[in-house]
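Peer 1: generate coordinates for the sequence data below:
(2 chains)
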Amino acid sequence: NAGVTQTPKFRILKIGQSMTLQCTQDMNHNYMYWYRQDPGMGLKLIYYSVGAGITDKGEVPNGYNVSRSTTEDFPLRLELAAPSQTSVYFCASSYSMGGGTEAFFGQGTRLTVV
Amino acid sequence: KNEVEQSPQNLTAQEGEFITINCSYSVGISALHWLQQHPGGGIVSLFMLSSGKKKHGRLIATINIQEKHSSLHITASHPRDSAVYICAVYSGGGADGLTFGKGTHLIIQP
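Peer 2: Below you'll find the predicted structure:
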């Protein structure tokens, strides 16, 4: 049982480049989330999805886009990368709403924008 | 918006010591999570609780809803317990996830 799988684990981008962070889960969870973790700060919600075809903004959505075409996959797109997007990104999923059930996290993607 | 405060921010202890990490929050919640993050690794869920106390091996989590406070205890600590421990709360009413504390960086020295 793979749980939540994120790729890549590490990436260096140049300013202005774009990339997609991949996230897939095999637990048939409807709820999926993207968070960023900055040094000394708590995780911040970027986008979330309550099911295929439905996404919504979190606390820090600027500079990012998401899509949810299937239950399993929830990719995060960075357009025109900026140094402020240097962070560690985590994808997570859960069986039901919000934090009311156990959350499963991916291994994280460490992104550096130079 | 809920504010989540953890203490201490950093903790270094000797192997075998009893460890306590505290979490307080400002607004009533539906659930509180304790998470563990190893260096360079992902995040794993340790506990989810909404009342009382839970125990798993050497880890114990308690919550006092009236005082808006939770503690994570580690008994007979071991170097492999070295990690960042994160408290996160869910206030309910929406699907937009958890509010996270900044984490407690724990180092257990042999």
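Peer 1: so where is chain A shaky, pLDDT-wise?
Peer 2: A:1, A:98-99 (pLDDT under 70).
Peer 1: OK, contacts around B:T99?
Peer 2: With contact set as Cβ atoms under 8 Å, 6 or more residues apart in numbering or on different chains, B:T99 has these partners: A:42, B:1-4, B:25, B:88-91. Glycine gets a C-beta too; all of them are placed from N, C-alpha and C.
Peer 1: show me the contacts for the closest residue to it other than its chain neighbours.
Peer 2: Spatial nearest neighbour of B:T99, chain neighbours left out: B:N2 (4.6 Å); criterion: Cβ to Cβ, 6 or more residues apart in numbering or on different chains. Listed by Cβ under 8 Å, 6+ apart, the contact partners of B:N2 are B:25-27, B:29, B:89, B:91, B:99.
Peer 1: and the one residue sitting closest to the centre of chain A, how close does it get to chain B?
Peer 2: With distances taken as Cα atoms, centre = their mean, the residue of chain A nearest its centroid is A:W34 (2.8 Å). Distance, A:W34 to chain B, using Cβ to the nearest Cβ, to the nearest Å: 10 Å.
Peer 1: please apply the same query to A:N62.
Peer 2: Taking Cβ to the nearest Cβ, one finds A:N62 at 16 Å from chain B.
Peer 1: which element, helix or strand, includes that residue?
Peer 2: Per DSSP states H and E, A:N62 falls between elements, in no helix or strand.
Peer 1: next, it: phi, psi?
Peer 2: phi -60, psi 130 (degrees, to the nearest 10).
Peer 1: I'd like the distance between it and A:Y47.
Peer 2: 11 Å (Cβ to Cβ, to the nearest Å).
Peer 1: okay, these two: which has more neighbours?
Peer 2: A:Y47 (24 against 9; other Cβ atoms under 10 Å in any protein chain shown).
Peer 1: so who does the one residue in chain B that gets nearest to chain A touch?
Peer 2: Nearest to chain A, among the residues of chain B, is B:Y90, at 2.6 Å (Cβ to the nearest Cβ). Counting by Cβ under 8 Å, 6+ apart, B:Y90 touches A:98-100, B:29-33, B:97-99.
Peer 1: quick revisit: mind checking how far the residue nearest to B:T99 is from A:M97?
Peer 2: Taking Cβ to Cβ, one finds B:N2 at 16 Å from A:M97.
Peer 1: can you list the weak-confidence ranges in chain B?
Peer 2: Using pLDDT under 70, chain B drops low at B:93-96.
Peer 1: thinking again about what came up before, so the residue nearest to B:T99, which state does it fall into?
Peer 2: coil (DSSP: H, G, I helix; E, B strand; the rest coil).
Peer 1: buried ones only from the contacts of B:T99, please, as a ChimeraX command.
Peer 2: In ChimeraX syntax, the buried subset of those is picked out as below (16 or more other Cβ atoms under 10 Å in any protein chain shown):
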select /A:42 /B:2,4,25,88,89,90,91
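Peer 1: show me where chain A has strands.
Peer 2: Remark: strands assigned in chain A by DSSP state E are A:4-7, A:10-13, A:19-25, A:31-37, A:44-51, A:54-57, A:64-66, A:76-78, A:87-94, A:103-105, A:109-113.
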